[in-house]
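Engineer: have a look; sequence and predicted model below, questions after that.
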Amino acid sequence: MPARRHAAARAALLAALAAAGVVVARSAIGLGDELQPPEAFDAIADPAERSVALFTEAGKVLLHPRCANCHPAGDSPLQGEEGRVHEPPVARGADGFGVVGMRCQTCHQEQNFDPSGVPGAPKWHLAPIEMAWAGRSLGAVCAQIKDRARNGDRTLDAIVEHMDHDALVLRGWSPGAGREPAPGDHATFVRLIAAWAQTGAVCPPE
């Protein structure tokens, strides 16, 4: 099967799974470490369908533990590829940076510290509870990302900017020793998000 048809077929399958509320693991249905570029979806004639396919491809990153672990539904961050509760026990706190005496940056410095296995990035913190998406369908995640009442009042352009420059987003591809990086590469992910925005920012069904 030509590469574009293969990518489109896989995107359609992922969209169908997302519509059924299935959160797809990276290792499922041969996802591997690939991240198809926006051009792989040019053969999809309908702009809305292409938009959904683009976001579904970007969803490999958004649903990956490197992203989902910092977007938990509760007040504790998650760890590991299996999304286990953070150890030692910590809590979100009022501002997402932890509680008094257990602030995130007490352990998580501005860079990864591999000797102790602690990842790091500037301003380490949890995503706002309004953007909690661990365990949710890709359609629900897409709706959250677009919703200015939940996304920090970001426009589509601001969403692309956030994905392009935020230090914690970037850390997904350099998570430190012993951790699986987010699929593909950061530049391709940003291009997918930008192309999704440009094609109408259509979401997979929730």
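Structural biologist: Noted; the coordinates are in hand.

Engineer: ok, which stretches of the protein are helices?
Structural biologist: Along the chain, counting by DSSP state H, helices occupy 3-19, 47-62, 65-68, 104-107, 138-146, 156-165, 167-171, 186-198.

Engineer: so what's the spatially most central residue of the chain up against?
Structural biologist: In the chain, the centroid-proximal residue (Cα atoms, centre = their mean) is residue 62; its distance is 1.8 Å. With contact taken as Cβ atoms under 8 Å, 6 or more residues apart in numbering, residue 62 is in contact with 68, 133, 138, 141. To be clear about C-beta, it is placed using only N, CA and C from the backbone, and glycine gets the same treatment.

Engineer: for residue 52, see how far away the residue lying closest to the last one once chain neighbours are set aside is.
Structural biologist: Right, the one you point to is residue 141. Closest residue to residue 141 apart from its sequence neighbours, by Cβ to Cβ, 6 or more residues apart in numbering: residue 133 at 4.4 Å. Distance, residue 133 to residue 52, by Cβ to Cβ, to the nearest Å: 17 Å.

Engineer: the two: which has the busier surroundings?
Structural biologist: A direct count of neighbours by other Cβ atoms under 10 Å for residue 133 and residue 52 places residue 52 higher, at 30 against 22.

Engineer: correct me, but the more buried one touches residue 203?
Structural biologist: Yes - between residue 52 and residue 203 a contact is recorded at 7.1 Å, counting by Cβ atoms under 8 Å.

Engineer: before we move on, the earlier item: just to check, the residue nearest to residue 141 is in contact with residue 140?
Structural biologist: Yes - proximity of residue 133 to residue 140 meets the contact threshold set by Cβ under 8 Å, at 6.7 Å.

Engineer: before we move on, back to that, just name the most buried of the helices of the chain.
Structural biologist: Ranked by mean neighbour count, the helices of the chain are led by helix 47-62 with a mean of 24 (mean count of other Cβ atoms under 10 Å).

Engineer: I'd like to check the angle between it and helix 156-165, please.
Structural biologist: 30 degrees (axes from the mean of the first three to the mean of the last three Cα atoms, to 10 degrees).

Engineer: for helix 47-62, C-alpha coordinates in PDB please.
Structural biologist: Extracted in PDB, the C-alpha atoms of helix 47-62 (Å, rounded to 0.1, in the frame of the first residue of the first chain):
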ATOM      1  CA  PRO A  47     -10.900  19.100   4.600                       C
ATOM      2  CA  ALA A  48     -12.800  18.000   7.700                       C
ATOM      3  CA  GLU A  49     -11.700  14.400   7.400                       C
ATOM      4  CA  ARG A  50      -8.200  15.500   6.800                       C
ATOM      5  CA  SER A  51      -8.300  17.700   9.900                       C
ATOM      6  CA  VAL A  52      -9.500  14.800  12.000                       C
ATOM      7  CA  ALA A  53      -6.700  12.600  10.500                       C
ATOM      8  CA  LEU A  54      -4.100  15.200  11.300                       C
ATOM      9  CA  PHE A  55      -5.200  15.500  14.900                       C
ATOM     10  CA  THR A  56      -5.400  11.700  15.300                       C
ATOM     11  CA  GLU A  57      -1.800  11.500  14.200                       C
ATOM     12  CA  ALA A  58      -0.800  14.200  16.600                       C
ATOM     13  CA  GLY A  59      -2.800  12.300  19.200                       C
ATOM     14  CA  LYS A  60       0.000   9.700  19.300                       C
ATOM     15  CA  VAL A  61       2.000  12.300  21.200                       C
ATOM     16  CA  LEU A  62      -0.900  13.700  23.300                       C
END
